[in-house]
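Colleague: my questions are about this predicted structure, shown below with the sequence.
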Amino acid sequence: MKRSLTLLLAAGALLAVVPWMRLPAFYESVLYLVLHWIALATSWNLLSGYSGYFSFGHGAFFGIGMYTTATLATRLDMPFLWTLPAAALVAALFAALLGAVAFRVQAVRAELFSLLTLAATFVVATIILNTPIDGGPGVYMSAVAVPSIGPTASGTFYLLSLAGALLAVVAALVVYHSRFGTGLFAIHDDEDVAEVMGVPTFRYKLAAFALSCGLAGMVGGVHALFISYVTTGDTFTIAMPLTVILMAVLGGTRHWAGPIVGATAITLLLYAFTGSGTAIIGKGLTGLVLIVVILFMPEGVLGQALKWWGARRGAMTVLRAPAMASEQPESLAGAAASAPAPDPAPAPRTGQALLRAQGVRKSFKGVQALRGVDLEVRQGEILGLLGPNGSGKSTFINVASGHYAATAGVIEFAGRRISGIPAHRIAHGGIARTYQIPRPFAHLTVLQNVALPAMFGGASLDRRAAEAEAWQWLAFTGLSERAHALPAELNLHQRKFLEFARALAARPQILMLDEVLSGLTPSEIDEAVALIRRIRDHGATIVFVEHVMRAVMALCDRVVIFNRGEVLAEGAPDDVMQRPDVVAAYLGQAMQEGASTAPGIAPEPAHA
Ligand SMILES: Nc1ncnc2c1ncn2[C@@H]1O[C@H](COP(=O)(O)OP(=O)(O)OP(=O)(O)O)[C@@H](O)[C@H]1O
């Protein structure tokens with residue numbers, strides 16, 4: 001990052017000389033527009049490209065900035081430069097208010113968020129148009145003095161635009177390489193999993209929205225004086241956010257520099273055809289280029305270029321997320337699955353209750369998935385959660401890890417109530433889980449997938465330490481060779497082990513494994529059983545939902561049997577599995593399914 005930052009600042013310093021080169025004002029205006037669009041597209045990308053929350057309301061915040069500057073400079077005679085921080089602040093505050101409402105509602109994602117931001121644009125425009133802020137005729141700013149920063153007025157505007165673009169790009173670069181940026185990219189791929197792994201999704205989205213809109217507001221403030229006549233009709237159009245989106249998409253939304261490429265290309269292309277007869281050709285050509293890029297370069301021009309560059313150098317990935325694709329530490333090179341791993345949880349086997357659930361209920365629109373579950377997980381044990389399909393095992397894990405809120409009841413962890421608190425705080429407190437169907441972050445490499453929980457989970461490491469930790473867990477689970485692959489390039493066995501590695505990297509006190517063995521071949525199951533044993537030998541407490549009976553019998557200290565959302569039985573595996581009511585529960589399911597025998601109730605000999 002330091003190299004990019006130095007390059008950026010050096011480029012900024014070089015470009016700052018332009019007004020003194022005595023170029024015709026026309027060129028300064030063109031460059032003003034290029035920088036203006038770079039600032040807007042980059043600021044939009046900070047929320048929408050990074051986190052995947054596509055905003056169609058960037059025009060609203062840009063417009064709020066314009067009107068803040070216009071009002072303060074014309075009505076209160078505030079010096080123009082002082083109005084710019086105010087423009088940024090008002091736009092950021094408005095975004096924070098809107099985000100505080102929108103991000104609280106879980107359903108407001110994807111296209112609903114886009115529609116909401118679009119609607120906000122019209123609401124803002126209507127308010128401004130029908131109040132003294134504008135009142136209808138627009139605001140003239142011709143009497144506002146242009147500060148003498150450059151040798152000419154056009155030079156001053158150019159320099160202001162350069163400052164705005166630099167500020168936006170530096171912000172995008174810093175966020176891209178920060179913990180905050182990593183969290184935003186995780187939200188982009190799977191927000192629920194990101195939250196369960198410890199990313200404070202609400203706070204991160206709010207901060208990104210406010211930052212993105214604050215920058216747009218500041219750019220709006222500069223533009224108000226540049227055009228010197230502000231009207232709602234010209235400001236709050238759908239064309240503005242659309243242009244910004246197209247620029248970012250063309251350049252590539254998954255890289256901080258993507259919008260620079262897109263904004264420069266589109267602005268220059270449109271400008272090259274500004275003559276009255278050729279403007280339409282310019283627009284048509286821009287549209288065509290966009291169609292080609294969307295069809296053949298889904299990661300944008302810069303994304304594709306970096307991919308080619310990476311492939312030429314024989315290295316995988318550059319563009320998937322904030323770059324952290326460092327090489328495997330030498331000490332771990334060639335480490336096999338049996339390599340010593342960091343201690344996942346230094347918990348002694350005291351047998352005391354670490355997690356206690358009392359009267360936990362969960363219903364989904366009429367479906368009673370949990371009907372008052374009481375159970376405890378003891379420190380250092382492997383507790384098996386068993387039961388027929390649909391009996392509520394996964395739901396229990398989902399509720400305990402905060403993925404779903406309990407409808408009623410209390411869950412305590414290490415003596416503290418955790419039911420009702422956000423999932424990222426539960427993760428931070430020391431509970432990690434795997435998903436029955438692996439849910440890796442699709443655009444993060446295997447290494448980045450494992451480093452993320454090390455950053456946001458119980459361990460709470462910084463990026464560098466998290467990456468080192470991730471390498472260790474990759475060695476532990478035998479995935480070192482695939483560190484730079486994307487999850488889609490892994491087979492099921494490897495994806496399941498990736499789930500393990502991610503959960504372990506959080507250094508949890510309790511590890512909840514949800515059917516990690518399903519779909520694996522017998523030899524892969526043996527491997528996984530051996531791995532779970534090793535995790536337990538490190539002192540971890542494990543909750544283990546599983547249908548593979550030989551693994552259950554080989555691993556579990558105790559089992560709890562769920563049936564129809566209730567606890568039917570609990571105790572030592574050998575005793576519980578012989579109980580007639582447990583056999584009947586499984587048989588009931590088998591009969592419903594038309595099977596002649598209960599599925600896997602008779603313990604198979606353990607291979608492992
Ligand atoms: N998100 C959801 N929306 C609606 N119903 C759900 C949801 N999640 C679970 N259920 C329902 O809750 C009940 C319990 O499901 P759950 O997945 O917890 O069972 P399970 O014991 O884990 O089953 P399996 O062994 O097949 O995974 C089922 O009837 C299921 O259909």
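Modeller: That came in fine, so what should we check first?
Colleague: which residues in the stretch 401-550 of the chain form helices?
Modeller: In the stretch 401-550 of the chain, helices defined by DSSP state H, counting those that start in this stretch lie at 423-429, 446-456, 463-476, 492-505, 522-537, 549-555, listed in chain order.
Colleague: tabulate the CA atom coordinates of the fifth one in CSV.
Modeller: As requested, the backbone C-alpha atoms of helix 522-537 are provided in CSV (Å, rounded to 0.1, in the frame of the first residue of the first chain):
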residue,chain,number,x,y,z
PRO,A,522,-15.3,-43.1,3.8
SER,A,523,-11.6,-42.3,3.6
GLU,A,524,-12.3,-38.6,3.7
ILE,A,525,-14.5,-39.2,6.7
ASP,A,526,-11.6,-41.0,8.4
GLU,A,527,-9.4,-38.1,7.7
ALA,A,528,-11.9,-35.6,9.1
VAL,A,529,-12.5,-37.7,12.2
ALA,A,530,-8.7,-37.7,12.8
LEU,A,531,-8.7,-34.0,12.4
ILE,A,532,-11.5,-33.4,14.8
ARG,A,533,-9.6,-35.6,17.4
ARG,A,534,-6.6,-33.4,17.0
ILE,A,535,-8.6,-30.3,17.4
ARG,A,536,-10.1,-31.7,20.7
ASP,A,537,-6.6,-32.8,21.8
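Colleague: list the buried residues of that helix.
Modeller: Neighbour counts over helix 522-537 (16 or more other CB atoms under 10 Å) mark 524-529, 531-532, 534-536 as buried. C-beta: built from backbone N, CA, C; applies to glycine.
Colleague: got it, and the second one?
Modeller: By neighbour count on 16+ other CB under 10 Å, the buried set for helix 446-456 is 446-456.
Colleague: and it, what does it pack against?
Modeller: On a contact count with 3 or more CB pairs under 8 Å, 6 or more residues apart in numbering; DSSP states H and E, helix 446-456 meets helix 179-189, helix 423-429, helix 463-476, helix 492-505.
Colleague: quick one: that helix to helix 492-505, angle?
Modeller: Calculated by axes from the mean of the first three to the mean of the last three CA atoms, to 10 degrees, helix 446-456 forms an angle of 20 degrees with helix 492-505.
Colleague: picking that back up, could I get the helices and strands packed on helix 446-456 as a markdown table with mean neighbour count?
Modeller: Rendered in a markdown table, the data for the helices and strands packed on helix 446-456 read as follows (neighbours: other CB atoms under 10 Å):
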| stretch | mean neighbour count |
| --- | --- |
| helix 179-189 | 24 |
| helix 423-429 | 22 |
| helix 463-476 | 22 |
| helix 492-505 | 25 |
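Colleague: and the ones you listed as a markdown table, adding mean pLDDT?
Modeller: A markdown table is the format used below for these (pLDDT from 0 to 100):
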| stretch | mean pLDDT |
| --- | --- |
| helix 179-189 | 93 |
| helix 423-429 | 91 |
| helix 463-476 | 90 |
| helix 492-505 | 90 |
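Colleague: would you list those in JSON lines and tack on distance to residue 81?
Modeller: Below are the helices and strands packed on helix 446-456 laid out as JSON lines (distance: least, CB to CB, whole Å):
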{"stretch": "helix 179-189", "distance to residue 81": "29"}
{"stretch": "helix 423-429", "distance to residue 81": "40"}
{"stretch": "helix 463-476", "distance to residue 81": "36"}
{"stretch": "helix 492-505", "distance to residue 81": "48"}
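Colleague: CSV for those, including distance to the ligand?
Modeller: As requested, those are exported to CSV (distance: least, CB to the nearest ligand atom, whole Å):
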stretch, distance to the ligand
helix 179-189, 20
helix 423-429, 15
helix 463-476, 26
helix 492-505, 15
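Colleague: for those, which one sits closest to residue 380?
Modeller: helix 492-505 (16.1 Å; CB to CB).
Colleague: now do the same for residue 199: helix, strand or coil?
Modeller: Of the three states, residue 199 takes coil under DSSP: H, G, I helix; E, B strand; the rest coil.
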